[in-house]
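>>> Kindly generate the corresponding structure for this input.
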Amino acid sequence: MDAILTAGGTPKPGEPLYEYTQGKPKALLDIAGKPMLQWVLDAFIHSPRVEHIVLVGFTEPEAVRCTKPLFHVPDQDDMLANIRAGMVKSLEVNPDQTHVLMAASDIPGITGSMVDWVVENSTKNNADLIYNVVRKETMEKRFPAANRTYLRLRDGDYCGGDLGAVRADLELIDREIWHVLISQRKNPVRQALTVGLDTLFGVITRTATLDRTVKRACRSLKIYGVAVECPWAEIAMDVDKPHQLEILRADMKGEKR
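The predicted structure is shown next:
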């Protein structure tokens with residue numbers, strides 16, 4: 001399976017990570033002696049399940065290394081446009097593929113074996129979207145001070161992962177609803193409202209299960225999607241705020257992969 005890795009974004013003055021980046025790309029944040037992006041690339045390099053990597057939005061390619069075929073796509077100044085541009089390049093490189101991995105560059109804790117797990121579970125599902133979620137207990141056991149945002153459901157509290165798979169289909173990516181959902185990606189309640197009042201009611205009252213919520217949302221989106229409970233907290237441990245960066249710096253200090 002090929003992978004699309006989004007790595008655009010430079011924090012602006014006043015944003016949480018600007019103090020650390022000072023006008024440099026977020027993907028270049030140093031973690032345990034390597035750029036954050038390099039840790040994610042290394043996970044793909046060490047996964048025998050990944051063939052080609054499409055890197056979208058990264059402006060300093062000389063700052064990272066990759067031993068697998070790596071294709072650079074310029075920043076499109078919009079997250080969904082970046083995903084679409086990555087998909088176009090991925091299909092150009094490998095037009096016969098059915099699904100591609102989608103990952104963000106700010107999950108440096110992932111490893112090759114975690115990527116293998118995601119690919120293996122994705123190939124079991126012939127879905128349009130395979131979305132990995134992490135249970136609150138799993139996240140807080142691994143990163144107790146992470147302070148993630150959780151979707152509270154009847155069968156548990158979950159946060160979304162930043163590594164999943166999507167059907168390699170530009171028509172799917174081009175649907176207008178994705179613009180709205182991506183803009184609301186940090187607010188599960190607003191996302192629930194976007195896909196329907198019944199979904200929102202189930203979330204607020206905690207009467208809905210994860211499976212039922214996903215099915216309702218997919219009906220609204222007119223896609224077939226599945227949520228897979230992931231045992232790896234690292235897949236949902238992204239770097240959005242300074243305290244999350246410091247947690248990962250301390251956690252990964254001295255690691256060699």
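
>>> And the helix or strand Thr138 falls within, what does it pack against?
Counting by DSSP states H and E, the element that carries Thr138 is helix 136-142. For helix 136-142, the packing partners by 3 or more Cβ pairs under 8 Å, 6 or more residues apart in numbering; DSSP states H and E come out as strand 156-160. Heads up, the C-betas are built off the backbone N, CA and C, glycines and all.

>>> Now do the strand it packs on: which elements does it pack against?
strand 129-135, helix 136-142, strand 151-153.

>>> Could I get those in CSV, plus columns for mean pLDDT, distance to Ala43 and mean neighbour count?
Below are the helices and strands packed on strand 156-160 laid out as CSV (pLDDT from 0 to 100; distance: least, Cβ to Cβ, whole Å; neighbours: other Cβ atoms under 10 Å):
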stretch, mean pLDDT, distance to Ala43, mean neighbour count
strand 129-135, 90, 14, 23
helix 136-142, 97, 16, 16
strand 151-153, 84, 26, 18
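
>>> closest to Glu19 out of the ones you listed?
Counting by Cβ to Cβ, Glu19 lies closest to helix 136-142 out of the helices and strands packed on strand 156-160; the figure is 25.3 Å.

>>> My guess is Gly8 contacts His72. True?
No - assessed by Cβ atoms under 8 Å, Gly8 is found out of contact with His72, at 11.5 Å.

>>> Overlap of the contact sets of the two?
Between them, Gly8 and His72 share these contacting residues under Cβ atoms under 8 Å, 6 or more residues apart in numbering: Phe58.

>>> Between the two, point out the one with more neighbours.
Gly8 (22 against 14; other Cβ atoms under 10 Å).

>>> Now for the more buried one: which residues touch it?
So Gly8 contacts 25, 56-58, 75-77, 79, 82 (Cβ under 8 Å, 6+ apart).

>>> if we go to 6 Å?
57, 75, 82 (Cβ atoms under 6 Å, 6 or more residues apart in numbering).

>>> Could you export those as TSV, including pLDDT?
As requested, these are exported to TSV (pLDDT from 0 to 100):
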residue	pLDDT
Gly57	93
Asp75	90
Asn82	88
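
>>> can you pick the most crowded of the residues you listed?
Neighbour max across those (other Cβ under 10 Å) = Gly57, 25 neighbours.

>>> Work out for me the element the closest residue to that one other than its chain neighbours sits within.
Nearest residue to Gly57, sequence neighbours excluded (Cβ to Cβ, 6 or more residues apart in numbering): Gly8, at 2.5 Å. Using DSSP H and E, Gly8 maps to neither a helix nor a strand.

>>> so how far is Gly156 from Gly8?
For Gly8, the distance to Gly156 (Cβ to Cβ, to the nearest Å) stands at 33 Å.

>>> show me where the chain has strands.
2-6, 30-31, 34-35, 53-56, 70-73, 99-104, 129-135, 151-153, 156-160, 163-167, 225-229 (DSSP state E).

>>> need the helix or strand of the protein with the lowest average pLDDT.
Lowest on mean pLDDT, DSSP states H and E among the helices and strands of the chain sits helix 197-205, with a mean of 44.

>>> picking up where we left off before, I'd like the strands of the chain laid out as CSV, including distance to Val214.
Shown next, in CSV, are those (distance: least, Cβ to Cβ, whole Å):
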stretch, distance to Val214
strand 2-6, 22
strand 30-31, 32
strand 34-35, 34
strand 53-56, 26
strand 70-73, 30
strand 99-104, 17
strand 129-135, 8
strand 151-153, 10
strand 156-160, 10
strand 163-167, 13
strand 225-229, 5
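
>>> Would you single out the least confident of these?
When the strands of the chain are compared on mean pLDDT, strand 151-153 scores lowest, with a mean of 84.

>>> next one: that strand to chain centre, how far?
Distance of strand 151-153 from the chain centroid (Cα atoms, centre = their mean, to the nearest Å) equals 19 Å.
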